[in-house]
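**Q** give me a model of this one.
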Amino acid sequence: MNTTIRLELPEEIARQIESKWKDLPRAALESLVVEAYRCELISAEQIRRVLGFASRFEVEKFLKQHSVYDYTLEDFEQDRETLRRWQERG
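**A** Numbers count the residues shown, from 1 in each chain. From the prediction side, this is the model:
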């Protein structure tokens, strides 16, 4: 089952937006998906399915284009600890 979302915009605003994003429905869908991912409401796999990407690599490229990175605080702490150990060695 799919859900249809209908957006109503004043014509002049729609034209302004379409001057940058030719495919306004796709741009709206991508924005919604990015925000849902940032809020941890959907997974990367769900992004892949919704946007029709063939692979996880396409999803990662898409997320980077939208300044969304899967680098957690735990990743940072682990990298910091690794760096500390390397510095101790020499």
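
**Q** which one is A44 nearest to, not counting chain neighbours?
**A** Distances taken as CB to CB, 6 or more residues apart in numbering put V59 closest to A44, at 4.9 Å, once the chain neighbours are dropped. Glycine gets a C-beta too; all of them are placed from N, C-alpha and C.

**Q** what sits against that neighbour?
**A** A44, I47, R48, L51, F53 (CB atoms under 8 Å, 6 or more residues apart in numbering).

**Q** take these and write them to CSV, including pLDDT.
**A** Output for these, formatted as CSV (pLDDT from 0 to 100):
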residue, pLDDT
A44, 91
I47, 95
R48, 94
L51, 97
F53, 96
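
**Q** most neighbours, which of the residues you listed?
**A** Counting neighbours by other CB atoms under 10 Å, I47 leads those with 22 neighbours.

**Q** which SSE is the residue nearest to A44 in?
**A** Assigned by DSSP states H and E, V59 belongs to helix 56-65.
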